[in-house]
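1. Predicted coordinates and the sequence they were generated for:
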Amino acid sequence: MAKTIIPIGPYHPLQEEPEFFRLHVEGEKVVDLDIELGYNHRGIEKLAESKTYDQIIFLVERICGICSTSHPIASVQAIEDIGGIAVPERALYIRSLIGELERIHSHLLWLGLAGHFIGYNTVWMWAWRYREPILDIFEQISGNRNHYAMMKVGGVRRDIEESDIPAIEKAVDDLVPVLDMFKGVVIDDPVIHARTKGIGILTKKDIYNYGALGPTARASGVAIDVRRDHPHAAYGLVEWNVITQEEGDVFAKLVVRVLEMYESVKIIKQCLKRLKKVKGEIDAKVKEIPPGEGIGHYEAPRGEVFHYVRSDGTNRPVRYKVRAPSYMNVPTNKTSVVGGTVSDATIILAAVDPCYCCTERTTAIDRNSGKKTLTGEDLIRLSQEKTKKVARELGLPLEGKLKAY
Amino acid sequence: MVKEGVLKEIKDRLSEKILKVYEKSPRRAYIDLKPADIPPAASFIFRDLKARFITASGVDTPEHIEILYHFVFDRLGKIISLRTRLNRKNPEIESLTSIIRGAEWIEREIHELLGVNFRNHPNLKKLLMAEDWPENKYPLRRDYRG
Amino acid sequence: MGIKLKALTKSPWVFHLSTGSCNNCDIEILDLLTPRFDLERFGILLVGSIRHADVLLVTGVVTRKVAPRLKRLYEQAPKPCLVVAIGSCALGQGIFKGSYNAPQPVDRYIPVDAYIPGCPPKPEAMIMGIVKLLNKLKGK
């Protein structure tokens, strides 16, 4: 069979690395994948060398709009590592609090887009609707919905006011029933089972060879989590669990992300409780950075963010290296997509969560089009029949679930 | 394995190859090696000691081009960086891609931003820069002028 | 105002193009379509191809690799096509000014009709920007 190339992209604004995928297909089967980067290369590492340590936090914040507190946390930790700077306890709790709120909004965002990519726009709309209260909290704390500018070398830039705590608590409490709903609707939905189970499998060995990170690794049973392994911020001071799944397919990644949001809620609530008790400074008032080199890393929603900084004792670094999690996760697509079908390719490419937030998508040709025009009622009836059929095939109980939601 | 154990094991195994060991803190260690000793050392740390490969950082200094290969022992919370210095005139080193698949992209990046030649790299073409970016112009070098 | 432009103001279809941004403006644009803001009720629809679009939303600093593609996309757009630059990067490159891979901002490549500042602009600001642009076209 002749090989065809399906281009996907390049306009996928994926983190700092939007990509151009060339799917080589034979009929429906994907036989090879080319990944091309560089559309979004802004030269941040070079720019960082011309900025002061205070400015760098704002620069690295703008590496990615979704991990916009993960990069600053890794960055301040790298700079603190150079000088061995100790951070006040209250600031540690605030760091973790912001980081976990961000994880929730990022995972909800991914969940919505994953729904969008399998043509399930209801999930998209719902997930993004429930993401809004989290963004409101950010606006209340920091004044901006994204790019919160909370981190600072030696502490945090803003305190969490006593008067803000009830609002955060309420937003997080309101989120729990929503998460229960997503757990029920998304994880038990036969359509989602049919679209995501058993596709895009990554084995433990693949994860290890590619150095894949975060939920991608944890969904394959590799329990790496920087928050637990290298305790920083307040993660060593609160109780929480690392979520893992064994299967390594897209569905496992979905489950890991949904369950991780519960852990984030747990961490946030404990941080808020401690913030009421732990008072005092939020900033170590760092005057200068000594010469040397430092490494900082943080578990972003997509995996480990890594920053390496070298200082010569001036107020600017001589070298600033950033490694985002997708840099290690995206190459795994070469293993996970190849061998699958074209229709599964979009969701597999999106499964590592490369901030897949876009209008661009594969050109899907509906082979049944032009056959018959269906009315709205027909489509609803057909989709219900399909759902029931799929549920029967997978042996899933369906009746109660649909009624409950 | 205790925290000191890993570093001691590496020291024993690589003994005379090590130029310098610098333990910045219990969680961070830097080991200086000759360029030729990097592949066996990386292979030992990655395959035998089961460390995770984080990334590599290329640094341009006045005398050399340095490459740091960062490995992490997650269970121990320890990051070990292998440092090697290359000649600035003709920077060249063996590729690690055959040992660590995840090293492919970072080597391509260092190749185009710092001009380091990775020997036996399977696919050493441009990763980030535009197709019409001139050859022999490396933005991360000290002497780069817009 | 020509008949084409008049028709455009009734229900502008938008195409969104990221030319090297941090993703945040792009997320906020998508946010406009989700239940809280729901711009589709005003006939504003995000389309998947520039050939269907009336308005081009541009975010980002325009990296070297994207620049020729930006020009080509603008050429492919059916005219009249309005261009809206969104976010500090698209306006004047923001914090990325001076980068070796981003020589010029958007309006040096293609004509821009409206600028919406902010990092990222709030969804309300984007709505206001689009409304102002449409009102101007209508001569209000």
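-> Sure, I can see it. Values in this document were obtained by computation on a predicted structure and should not be read as measured data.
2. What sits closest to the residue of chain A found nearest chain C if chain neighbours are left out?
-> Per Cβ to the nearest Cβ, A:Gly65 is where chain A lies closest to chain C, at 2.6 Å. C-beta: built from backbone N, CA, C; applies to glycine. Residue nearest to A:Gly65 in three dimensions, not counting chain neighbours: C:Asn24, with 2.6 Å by Cβ to Cβ, 6 or more residues apart in numbering or on different chains.
3. Can I take it that the residue of chain A closest to chain C is in a strand?
-> No: counting by DSSP: H, G, I helix; E, B strand; the rest coil, A:Gly65 is not found in a strand; it is coil.
4. ok, now how distant is it from A:His71?
-> 10 Å (Cβ to Cβ, to the nearest Å).
5. quick one: buried residues of the helix or strand of chain B with the lowest mean pLDDT?
-> Sorting the helices and strands of chain B by mean pLDDT, DSSP states H and E puts helix B:3-14 at the bottom, at a mean of 78. Within helix B:3-14, the residues scored as buried using 16 or more other Cβ atoms under 10 Å in any protein chain shown are B:6-7, B:10, B:14.
6. What is the burial count for the residue of chain A closest to chain C?
-> 26 (other Cβ atoms under 10 Å in any protein chain shown).
7. Would whichever strand or helix holds A:Glu80 count as contacting chain C?
-> When elements are assigned from DSSP states H and E, A:Glu80 belongs to helix A:70-83. No: between helix A:70-83 and chain C, judged by Cβ under 8 Å from any Cβ of the partner chain, nothing touches; the nearest distance is 9.8 Å.
8. what's across from A:His24 in the sheet?
-> A:Ile5, A:Asp32 (DSSP bridges).
9. How about the contacts made by it?
-> A:3-5, A:30-34 (Cβ atoms under 8 Å, 6 or more residues apart in numbering or on different chains).
10. for the buried residues of helix B:3-14, which one is nearest C:Pro120?
-> B:Val6 (43.7 Å; Cβ to Cβ).
11. Tell me the spacing between the closest one and chain C.
-> Using Cβ to the nearest Cβ, to the nearest Å, B:Val6 is found at 37 Å from chain C.
12. The residue in chain B that chain C sits nearest to sits in which helix or strand?
-> When scored by Cβ to the nearest Cβ, chain B has B:Ala130 as its residue closest to chain C, at 4.0 Å. Per DSSP H and E, B:Ala130 falls between elements, in no helix or strand.
13. Any idea how many residues pack against it?
-> Applying other Cβ under 10 Å, I find that B:Ala130 has 16 neighbouring residues.
14. doesn't C:Arg64 make contact with it?
-> Yes: applying Cβ atoms under 8 Å as the test, B:Ala130 and C:Arg64 come out as touching, 4.0 Å apart.
15. Would you enumerate the residues in contact with residue 108?
-> Because you didn't say which chain, this covers chain A. With Cβ under 8 Å, 6+ apart, A:Leu108 has these contacts: A:127-128, A:130-131, A:134, A:261.
16. Can you look at chain C instead?
-> By Cβ under 8 Å, 6+ apart, C:Arg108 has no neighbours at all.
17. Tell me where chain C has helices.
-> Taking DSSP state H as the criterion, chain C carries its helices at C:3-10, C:24-31, C:67-76, C:87-92, C:123-138.
18. what's in contact with the last one?
-> Which is helix C:123-138. Against helix C:123-138 from outside (Cβ under 8 Å, 6+ apart): C:1, C:5, C:8-9, C:12, C:28-29, C:31-32, C:36-37, C:39, C:44, C:55, C:82, C:84, C:86, C:113-118, C:121.
19. Equivalent analysis for the third one, please.
-> Outside helix C:67-76, the residues within contact range by Cβ under 8 Å, 6+ apart are A:10, C:17, C:19, C:50-51, C:56, C:58, C:62, C:81, C:83, C:103-104, C:106, C:109-110.
20. Point out where chain C drops to low pLDDT.
-> Across chain C, the ranges flagged by pLDDT under 70 are C:1, C:140.
21. let's see 80
-> In the prediction, chain C carries residues with pLDDT under 80 at positions C:1-9, C:48-49, C:139-140.
22. go on, the stretch 51-200 of chain A?
-> Those would be A:117, A:119, A:185-187, if you go by pLDDT under 80 across the stretch 51-200 of chain A.
23. all helices for it, in order.
-> In the stretch 51-200 of chain A, helices defined by DSSP state H, counting those that start in this stretch lie at A:53-61, A:70-83, A:89-117, A:121-142, A:165-182, A:190-196, listed in chain order.
24. same deal with chain B?
-> So, for chain B - with DSSP H - the helices run B:3-14, B:38-43, B:104-114.
25. wait, which of those helices is closest to chain A?
-> helix B:104-114 (6.2 Å).
26. what about the closest one, distance to the chain center?
-> 11 Å (Cα atoms, centre = their mean, to the nearest Å).
27. Now do the domain split for chain A, please.
-> A:43-351, A:376-405 (automatic domain parsing).
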